[in-house]
Structures are given as C-alpha cells and as structure tokens.
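here's my sequence, what's the structure:
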Amino acid sequence: MFVRDPNDSGDSYAISILDSPANATLEDYLLNFDYLYKSGAIGKNLYDLVPQYEADIRSLNVKIKRLQMQIERMNRRR
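Residues are numbered from 1 along each chain as shown. Modelled structure (predicted):
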C-alpha cells in the first residue's frame, strides 16, 4: 500500500499492511465492517460484536506466530 507523508511533504512510501499499527487483527488484509453496517447489510447487534471478533483474530494470530517461531527453531536444530 502506498502512503503519503502526513506532513504534506509530498513524499510517499510503501508500507505493508502487516506492519501498520492500525492493523487490529494482524492479518495481511484490511477488515472494515463499517460499510456493511452503514449499508444495512449487518445490524447493530452484529456490528457491536466486531471489536471482540478483531480481538479474537488478533489473539489467534499471535498464537500462530509463536508456533511458527517454535517450528522454525526446531527445524534449525535438525
């Protein structure tokens, strides 16, 4: 994703979604349920569950990352 410098210097640079502090889930894509809610595709009861869903996905991704690191360490020992 290309991002413009917020100081309006005219500079732009590439940033990975994975490296963005705005990435609540640590996925390699962006999730945005605002459109679904504003368009009426999901109701308020489901929209209110989005923060917990994002937290759950983030927690799973942290666990997966930890397991990946363990597997990499084990493979290096071989």
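
OK, contacts around the closest residue to residue 25 other than its chain neighbours?
Nearest non-adjacent residue to residue 25, counting by Cβ to Cβ, 6 or more residues apart in numbering: residue 57, 4.2 Å away. For every residue, glycine as well, the C-beta is placed using N, CA and C. Neighbour list for residue 57: 25-27 [criterion: Cβ atoms under 8 Å, 6 or more residues apart in numbering].

mind listing what residue 29 touches?
residue 17.

now do the same for it: helix, strand or coil?
Reduced to three states with DSSP: H, G, I helix; E, B strand; the rest coil, the structure at residue 29 is coil.

re earlier: and of the contacts of residue 57, the nearest to residue 61?
Residue 61 has its nearest neighbour among these in residue 26, at 4.0 Å by Cβ to Cβ.

can you report how many residues lie near that closest one?
17 (other Cβ atoms under 10 Å).

next: the one 4 residues further on.
Here the neighbour count serves as a burial measure; for residue 30 (other Cβ under 10 Å) it reads 12.

these two touch, right, it and residue 17?
Yes - between residue 30 and residue 17 a contact is recorded at 6.2 Å, counting by Cβ atoms under 8 Å.

overlap of the contact sets of the two?
residue 23.

which secondary structure element contains the residue nearest to residue 25?
helix 50-77 (DSSP states H and E).

if you average pLDDT over that helix, what comes out?
Mean pLDDT, helix 50-77: 95.

quick one: the residue nearest to residue 41 when sequence neighbours are not counted and residue 42, what's the gap?
The spatially closest residue to residue 41, leaving aside those adjacent along the chain, is residue 35, at 7.9 Å (Cβ to Cβ, 6+ apart). Distance, residue 35 to residue 42, by Cβ to Cβ, to the nearest Å: 10 Å.
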